[in-house]
Structure formats: C-alpha cells, structure tokens
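[1] how would this look folded up:
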Amino acid sequence: MTETPVIPRAGATRWTCPFCLLLCDTSTVQVDASGALTLSGAGCACASRALARFSARPATASPQVEGEDCSLDQAVAAATRLLAASQQPLFGGLGTDVAGARALYRLACRTGAICDAADGAALMHGLRAMQDRGSFFTTLAEVRTRADLILCLGGVPTEQAPDFFERCGVGESLVAKRHVVVLGGGASDEAVLAQLRTRPGVTVESIPLQGDLFTTIATLSALVAGRAVREAAAGLKSLVTRLQQARYAVIVGETRRLPSQGALIVEGIHRTVGTLNQTTRAAAMWLGGGNGAGTVNQVFTWLSGLPLRSRAGPLGLEHEPLCFDARRLLSAQGVDSVLWVSSFDPDVAPPPTTVPTVVLGHPDLAGAKAAVFIPVSTPGIGSPGHLFRADGSVMLPLFAVYDDTLPTLASVLDRITKALA
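    Alright, predicted model coming up:
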C-alpha cells in the first residue's frame, strides 16, 4: 500500500482525532496564549482528556539512559546495544501510526522480535475467529445509511468509541426507524439508552443474558437457525424475530469486553450473521485495536502476510496466537529484552518486568522504569501521520497541531535498524 504524504497544517484549522477508534474529523483544535489545546466544534470527552496532556510548546522531555538525561544519539546507541545483545526481543505496546508500524516491522525482521500489542488478547479474539471461520463485516458508512437494527453485545460500545451512535447516524433521517438493542448490558448503559430514546425514530431495548455470554450466543445462534431450544428466554425469542424481520441488522461488540476464549463468541455471532444472510442482510462490527494496535496489525499483515503475534525467526515467518502472548512470554521469561511503544496514551505503560526495556513513547512515560527512554512525537498532535479507522477499511490522514520538536517513532527506529546493520 502506498501512503499519501501529509503536510502539517499551520494552526490546525481542522483536526482528525487519533485518540479513539472512530478517528472523528469534525472538530478543530484551538491553541490559547498559554499553549493549552482545546476543542471547538463537535467533540467528545475522550478527545478533551487526551488534549489536556499536551501543550503547544517545544517539548522539554529528554531521552534517558538508566534514568539519566542524555542526548538522542546516546539513547539510540544504548538501545542499539541492548537489542544487539538480545537473543529474543519482544516488541510490545505498538501504539503508533502507519509510518511507525513500517519501521517497527523492519526492525522486527532485523532482530527476530516477537510483536504483540498492549491489548493483544482482545485483538486476537477477532483475528482467530476470522482465521478459522471467516467473517461478515461492515463499515460505519453502511451502518449509517442502512442499518435499522443495531444489536450491542455486553453493553453500549461507548468506552472505546464515545460517539459511536452519532457516527452511525442514529436519530438521523437516513434511516427513518432504528431499533437499538443491548444484550447483557448493565446499569452504566442506562444514561446512553435514555438519551437515544429522545432521538427521532429511535426505539431502544435491553435484554438480559441467559446464563453467561457463551450460553446466550449459542442459544441465539440456534434460535436463528430454527433449531429447537429448551427453555429459551422470551427476550431472546423476541430478539430473533426482530433480527429476522430487520432490513439490515448489525451486531456490534467490543473485543475488550469478551472473556477468555472469546473467539468462540465471535464465531457464534458470525454463524448467526451467516444464517440471517440467507434471507435478509446482516453484518458484524467488532471494535478493538485502539491506540494504533489495529493499524500496526494491518501494516504487519500486508507486509508479511501474517498478523501480530508473529516473528521472522530461524524457521522463517512464524505466527503463534497463543505462544506469542506478551504477558505469557514475560511471566515465563521467554524473552530477554522489551521494546515498548506507546505514542498516543501515556497510561499504556510497559508491564512490570525485570527484563531490560526500551521505551519509545509519549513524554509522560519518562517515569517508566526502563533502561532506555526516548520521547517521540504523537501523530496527530506534534507530527502528521495515518491511522486505520475502527471498521478497518478506511485509512485517514492525521494533521499536526503544532511542531513538538520531538523525533518521530519511525525516524528513531530507522536509526536503530541502520546501526544494527
């Protein structure tokens, strides 16, 4: 895939927000005299909180080696020595954009590193199900223009996608009547559902689980397929009727909410969608891969043919969705160095470990215990870039709000790769 070059906009008259899965581009960012960044126009609390961690002034964070400030050249040299001496590196976090992901892949091939995202277990739920059974997916635009029934699993998906219902056009005239169903939601969903009820043409419903989520989805799938199910809950039977009568039903879930072995739940939903598509139209949308993890997975897949939890090792390209779990490897001492990347969110810090660690990320990560720390620019704030949106089919450009004077992750990684060569 060829990247479209992005030129930073002076003053950032329009902004694409990189801090949630939706990549909303309906707001602008204003910089006041003190350097504080504020949203104008449509915006959400997630974006406002993230902007509060930046200031439109030259960065004061310094690279560090063993907790002591140093030059960028010294930090790059120290990181190079650490990776050169490593027999099995682990690249984790993976919070970056397309250019950073390309550079990560080059360095991973050079070092034989295993790569896993900070939220890798959730990312694997959807990937493993797609590998085993395939999937029916959709886009935000298709949901907005066609979906008359939106089924949310485990609660409304506003934790990772705050403006999800706005982006899906719920309450707009594109679809005159929409029904939103929450299956297995909780008390925290009531405020969102109450607000949805006030929108024109929108009705809402909340249905409890029948047993746990595994049992509920298995029951739902069986009912949709027309099989006899003993003691099926009335709410599930009513939901099946709605799904079968809908013109276009979309089942939405956050992979982060799924329990262990959640790929089985994803497969159950895909099986349900496949049955519905014999007589009507239906699709699934799995939300996950935030903080750039979904983008890195896309890049690694098109460059190597394999998703994350892979490596270019002695046996060639290897993909191990269970063995290459970063937390498992660290607990079993299966790696001897860590390169942690978190350009967007300083709260996504490296897990506690005695393994020598290189941290490349947000300046606020300077306090993380690391052998080497290098602050890097955040795409969409201090430098331009590209990210993939939640539906995985659209890559959007990110525009710099100001020049933070920090190096990009790609430039730092390329320096390390060249030094290793």
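[2] run through the strands of the stretch 101-250 of the chain in chain order.
    114-115, 149-153, 178-183, 202-207, 248-254 (DSSP state E, counting those that start in this stretch).
[3] could I get the ones you listed as CSV with distance to Gln261?
    All C-beta spots, glycine's among them, are computed from the backbone N, C-alpha and C. CSV is the format used below for the strands of the stretch 101-250 of the chain (distance: least, Cβ to Cβ, whole Å):
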stretch, distance to Gln261
strand 114-115, 22
strand 149-153, 15
strand 178-183, 19
strand 202-207, 23
strand 248-254, 15
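[4] which ones are touching Val359?
    Applying Cβ atoms under 8 Å, 6 or more residues apart in numbering, we find Val359 in contact with 340, 342, 350, 365, 368, 370, 372-374.
[5] just Pro58 next, same as before
    Contacts of Pro58 (Cβ under 8 Å, 6+ apart): 403-405.
[6] separation between it and Val156?
    The spacing between Pro58 and Val156, counted by Cβ to Cβ, to the nearest Å, is 40 Å.
[7] next: Tyr402.
    In terms of Cβ to Cβ, Tyr402 sits 34 Å off from Val156.
[8] those two: which is more packed in?
    Neighbours were counted for Tyr402 and for Val156 using other Cβ atoms under 10 Å; Val156 has more, 25 against 21.
[9] the more buried one contacts Ala194, doesn't it?
    No. Val156 is beyond contact range of Ala194, at 11.3 Å (criterion: Cβ atoms under 8 Å).
[10] before we move on, the earlier item: flag whichever of the contacts of Val359 scores worst on pLDDT.
    Across those, the smallest pLDDT goes to Ala368, namely 83.
[11] number of nearby residues for it?
    16.
[12] go on, Ala101?
    The number of residues near Ala101, taken as other Cβ under 10 Å, comes to 29.
[13] residue contacts, the nearest residue to it once chain neighbours are set aside?
    Closest residue to Ala101 in three dimensions, ignoring its sequence neighbours and counting by Cβ to Cβ, 6 or more residues apart in numbering: Val299, at 3.7 Å. Residues counted as contacts of Val299 (Cβ under 8 Å, 6+ apart) are 98, 101-102, 105.
[14] who wins for most neighbours among those?
    Neighbour-wise, these (other Cβ under 10 Å) top out at Ala101, 29 neighbours.
[15] contacting residues around that one?
    Counted by Cβ under 8 Å, 6+ apart, Ala101 has contacts 94, 292, 295-296, 298-300.
[16] export those residues to CSV and tack on distance to Ala77, pLDDT and secondary structure?
    Formatted as CSV, those follow (distance: Cβ to Cβ, whole Å; pLDDT from 0 to 100; DSSP: H, G, I helix; E, B strand; the rest coil):
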residue, distance to Ala77, pLDDT, secondary structure
Leu94, 24, 97, strand
Gly292, 26, 95, coil
Thr295, 29, 97, helix
Val296, 26, 97, helix
Gln298, 32, 95, helix
Val299, 27, 97, helix
Phe300, 27, 96, helix
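[17] neighbour-wise, which of the residues you listed leads?
    Counting by other Cβ under 10 Å, top hit in the contacts of Ala101: Leu94 with 33 neighbours.
[18] point out where the stretch 301-421 of the chain drops to low pLDDT.
    Within the stretch 301-421 of the chain, not a single segment meets pLDDT under 70.
[19] which residue ranges of it form helices?
    Ranges of helices in the stretch 301-421 of the chain, per DSSP state H, counting those that start in this stretch, are 326-331, 409-420.
[20] any idea which of the ones you listed gets closest to Pro346?
    Nearest of these to Pro346, taken as Cβ to Cβ: helix 409-420 at 14.3 Å.
[21] could I get the buried residue list for the closest one?
    If you call a residue buried by 16 or more other Cβ atoms under 10 Å, then helix 409-420 has these buried ones: 409-417.
[22] for it, name the packing helices and strands.
    Secondary structure elements in contact with helix 409-420, counted by 3 or more Cβ pairs under 8 Å, 6 or more residues apart in numbering; DSSP states H and E, are helix 72-84, helix 98-111, strand 357-361.
[23] winner for burial among the ones you listed?
    Counting by mean count of other Cβ atoms under 10 Å, strand 357-361 has the highest mean neighbour count of the helices and strands packed on helix 409-420, with a mean of 26.
[24] compute the inter-axis angle for that strand and helix 409-420.
    Angle between the axes of strand 357-361 and helix 409-420 is 150 degrees (criterion: axes from the mean of the first three to the mean of the last three Cα atoms, to 10 degrees).
[25] export strand 357-361 as PDB, just CAs?
    C-alpha atoms of strand 357-361 as PDB (Å, rounded to 0.1, in the frame of the first residue of the first chain):
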ATOM      1  CA  THR A 357      13.300  -2.400  28.500                       C
ATOM      2  CA  VAL A 358      13.500   0.300  25.900                       C
ATOM      3  CA  VAL A 359      10.500   2.700  26.000                       C
ATOM      4  CA  LEU A 360       9.700   4.900  23.000                       C
ATOM      5  CA  GLY A 361       6.600   7.000  23.500                       C
END
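[26] list the strands paired with it, with their directions.
    strand 337-342 (parallel), strand 372-375 (parallel) (DSSP bridges).
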